[in-house]
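[1] Pasted the sequence and its predicted model underneath.
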Amino acid sequence: MIPRLLERYRNDVAKDMMQTFSIKNKYALPRLEKIVVNMGVGEGLLDVKILEKSMEDLAMITGQKPILIRAKKAIANFKIKQGSPIGCKVTLRRALMYEFMDRLINVALPRIRDFRGVSPESFDHAGNYTLGLNEQGIFPEIEYDKMGRPQGMDITFVIKNARTKEQARELLKLFGMPFSQKNKD
């Protein structure tokens, strides 16, 4: 079964992008390459069960088993030793990526209290977009009563072939990403 957002990209978004940016070759269009979901768990140093619970939550949210991230260098001020577990991450591609993005945009983000949209300024020089969330409880897969402690996460949308930030922003906007409107007084 083809994910809904992938169908939308093939039928509508690609045509709109070709017209808007005068791109003639469909292979030169900006497209979503992967989504990386990262959880930094600082308390994992003190209690491994917190890290394991975060990994379970991330697996439930994304539908894919996360990998454990270990410290590359020792940092004395944070009491981090080289090789100690400090977080977990998942890289989503293909169908899982589009299904996760669909759930994020249409289910999870509207559940945030006083949500007015995501920042339209969080693009890097390559056109990738990074979004930070404060807790995993906004996803319907997580039962709020059984959630241990609120854990934030970073979600990075890696966009291929985006020549400018405007092209990447337009791609995400056509997918339905709710960007906030800045007040211009």
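    Ah, there it is. Numbers count the residues shown, from 1 in each chain.

[2] Which positions in the longest helix seen in the chain come out as buried?
    The single longest helix within the chain, with elements called by DSSP state H, is helix 48-62. For helix 48-62, a neighbour-count test (16 or more other CB atoms under 10 Å) marks 50-51, 53-55, 57-58, 61-62 as buried. All C-beta atoms are positioned from the backbone trio N, CA, C, and that covers glycine.

[3] cool, stretch 109-128 as well?
    Buried, per 16+ other CB under 10 Å, within stretch 109-128: 109, 118, 120, 122-123, 127-128.

[4] just checking, Ala71 touches Phe78?
    No - using CB atoms under 8 Å, Ala71 makes no contact with Phe78, being 9.1 Å away.

[5] out of the two, which sits in the more crowded spot?
    Ala71 (16 against 10; other CB atoms under 10 Å).

[6] any weak-confidence spans in the protein?
    44-45, 145, 147-148, 182-185 (pLDDT under 70).

[7] any idea which strand is longest in it?
    For the chain, the longest strand by residue count, based on DSSP state E, is strand 31-40.

[8] which strands and helices sit next to that strand?
    Applying 3 or more CB pairs under 8 Å, 6 or more residues apart in numbering; DSSP states H and E, we find strand 31-40 packed against helix 48-62, strand 85-92, helix 94-103, strand 153-160, helix 165-175.

[9] strands paired with that strand, and their directions?
    Next to strand 31-40 in the sheet, as set by DSSP bridges, lie strand 85-92 (antiparallel), strand 153-160 (antiparallel).

[10] So which bits of the last one are buried?
    This points to strand 153-160. Buried residues in strand 153-160, counted by 16+ other CB under 10 Å: 153, 155-159.

[11] now those residues as JSON lines including distance to Gln167?
    Shown next, in JSON lines, are the buried residues of strand 153-160 (distance: CB to CB, whole Å):
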{"residue": "Met153", "distance to Gln167": "26"}
{"residue": "Ile155", "distance to Gln167": "20"}
{"residue": "Thr156", "distance to Gln167": "17"}
{"residue": "Phe157", "distance to Gln167": "13"}
{"residue": "Val158", "distance to Gln167": "14"}
{"residue": "Ile159", "distance to Gln167": "8"}
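
[12] Just the closest of the residues you listed to Lys26, please.
    Of all the buried residues of strand 153-160, Ile159 has the smallest distance to Lys26: 15.6 Å, by CB to CB.

[13] Next, the contact list for Lys160, please.
    By CB atoms under 8 Å, 6 or more residues apart in numbering, the contact set of Lys160 is 30-33.

[14] same question, Gln181
    Residues near Gln181 by CB under 8 Å, 6+ apart: Gly117.

[15] let's see it at 10 Å
    Under the criterion of CB atoms under 10 Å, 6 or more residues apart in numbering, the neighbours of Gln181 are 116-117, 120.

[16] At the geometric centre of the protein, which residue sits there?
    Compute the mean C-alpha point of the chain, and by CA atoms, centre = their mean the closest residue is Ile155, 2.5 Å away.
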